[in-house]
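Asker: okay, sequence plus prediction incoming.
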Amino acid sequence: MKSVPLSALEKELLILLVREKIKIIEDKKTDFGTNGRKKKAWNLITEKFNSQNSGGTPRSSLQLKKAWANGKRVAKKQVSNGVIFNF
């Protein structure tokens, strides 16, 4: 079953929370230690997201990771087409 898409406010919240951990999440390394830090960062983001998104649909780490990846993909496509970023 498909989940409910993130609302504009949920996207803004996700962006704010990811910015706090961006260096960890976007680290290109894939060794054991780095992957552990990334997992911990996404778990923390998920906890904060769900606690600050009262009344909204609770999201899993996987859902938030996919939303972040999709948002980055759309933004890159828009930049390459000369469109201003609009996650």
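Answerer: Thanks, I have it. Here the structure is a predicted model, which is why all the values come from computation and not from measurement.

Asker: buried stuff in stretch 74-84?
Answerer: Within stretch 74-84, no residue is scored as buried using 16 or more other CB atoms under 10 Å. All C-beta spots, glycine's among them, are computed from the backbone N, C-alpha and C.

Asker: just stretch 38-54 next, same as before
Answerer: For stretch 38-54, using 16+ other CB under 10 Å, the buried residues are 38, 41-42, 45-46, 49, 53.

Asker: which of those fall within helices?
Answerer: Under the assignment DSSP state H, those contribute 38, 41-42, 45-46, 49 to helices.

Asker: circling back to that earlier point, biggest separation within the buried residues of stretch 38-54, which pair?
Answerer: K38 and N53 (21.6 Å; CB to CB).

Asker: and the helices in this protein?
Answerer: Going by DSSP H, the chain shows helices at 8-20, 22-25, 32-52, 61-80.

Asker: nearest to K2, of these?
Answerer: That would be helix 61-80 among these, by CB to CB, at 10.7 Å.

Asker: spit out the contact partners of the residue nearest the centre of the chain.
Answerer: Centroid-nearest residue in the chain: W68, 3.4 Å away (criterion: CA atoms, centre = their mean). Contact analysis of W68 by CB atoms under 8 Å, 6 or more residues apart in numbering lists 14, 18, 25.
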